[in-house]
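**Q** What follows is a predicted structure for the sequence shown.
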Amino acid sequence: MSNPKPQVLVGVVTGSTVASVVKEAAAFAEQFRADLICANVDDSSDKVEERPDGSVVSVPINPDLPFEETEVFDPELRAEIAEILDSRPVTWSVRALAGGPGQELARLAGELDVLMIVVGTRESGIRGEAERFLNGSVAVHLAHHQHRPVVMVPQHPVIDDADLPWKREK
């Protein structure tokens, strides 16, 4: 019996960084002749159940938010990913998850036994630093809570001798 086709998991979020992270993840998938799984984690909801078809039943963390029983992958994000990937020689799919991004990506990576997890770096500056402090780094969580390689795709690299984000004057 042959092994199933290898898979690469990429964490995707809505925003300007989707293209660069998905392109890099697709390059890895192509290199390893692997399928690409694009996962988006709704961190404003907690997972209650995962159904056999891969859909997730969740409840909002904030009780004032409307209740949607099943997580649905954002159609606009899917269209943006399709625009990037449809011309590439890689088989890809999407997964909607709910809960902590690091925990859910690690769980899915284990479940699918992926080759690696690809994530983008976060925004720098005051907002990015506050978010990192409050939520923690997804990449750091993944690096310490599972055994697969974690590839970080830099979104705003520091060029030459420029100040690092946490050293910049605010």
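**A** Okay, I see it. Everything numeric in this text was worked out from a predicted model, so none of it was measured. Numbers count the residues shown, from 1 in each chain.

**Q** Assign D161 to helix, strand or coil.
**A** Three-state assignment for D161 (DSSP: H, G, I helix; E, B strand; the rest coil): coil.

**Q** What residues does it make contact with?
**A** By C-beta atoms under 8 Å, 6 or more residues apart in numbering, D161 lies in contact with nothing. The way it works is simple: take the backbone N, C-alpha and C, and place the C-beta from them, glycine included.

**Q** Distance check, it against A109.
**A** D161 sits 37 Å away from A109, going by C-beta to C-beta, to the nearest Å.

**Q** And I159, by the same measure?
**A** For I159 relative to A109 (C-beta to C-beta), the value is 32 Å.

**Q** so where's the longest helix in this protein?
**A** The helix that spans the most residues within the chain, counting by DSSP state H, is helix 18-31.

**Q** Which residues does that helix contact?
**A** 7-8, 10-12, 34-36, 38, 77, 80-81, 84-85, 88-90, 92, 115-116, 118-120, 151, 153, 155.

**Q** Can you tell me which of those residues are buried?
**A** Buried members of these, scored by 16 or more other C-beta atoms under 10 Å, are 7-8, 10-12, 34-36, 38, 77, 80-81, 84-85, 90, 92, 115-116, 118-120, 151, 153, 155.

**Q** and those, which of them are in helices?
**A** Per DSSP H, the buried ones among the contacts of helix 18-31 map to helices at L77, E80, I81, I84, L85.

**Q** What about the closest residue to the fourth one other than its chain neighbours, how many residues nearby?
**A** I take that to be I84. Excluding the flanking residues, the one nearest I84 by C-beta to C-beta, 6 or more residues apart in numbering is V22, at 5.0 Å. V22 sits with 24 neighbouring residues when counted by other C-beta atoms under 10 Å.

**Q** One more: A109?
**A** Neighbours around A109, by other C-beta under 10 Å: 24.

**Q** can you pull the contacts of it?
**A** L9, I117, L142, Q146, R148.

**Q** I'd assumed E111 was in contact with the fourth one.
**A** In other words, Q146. No. Between Q146 and E111 there is no contact under C-beta atoms under 8 Å: 11.1 Å.
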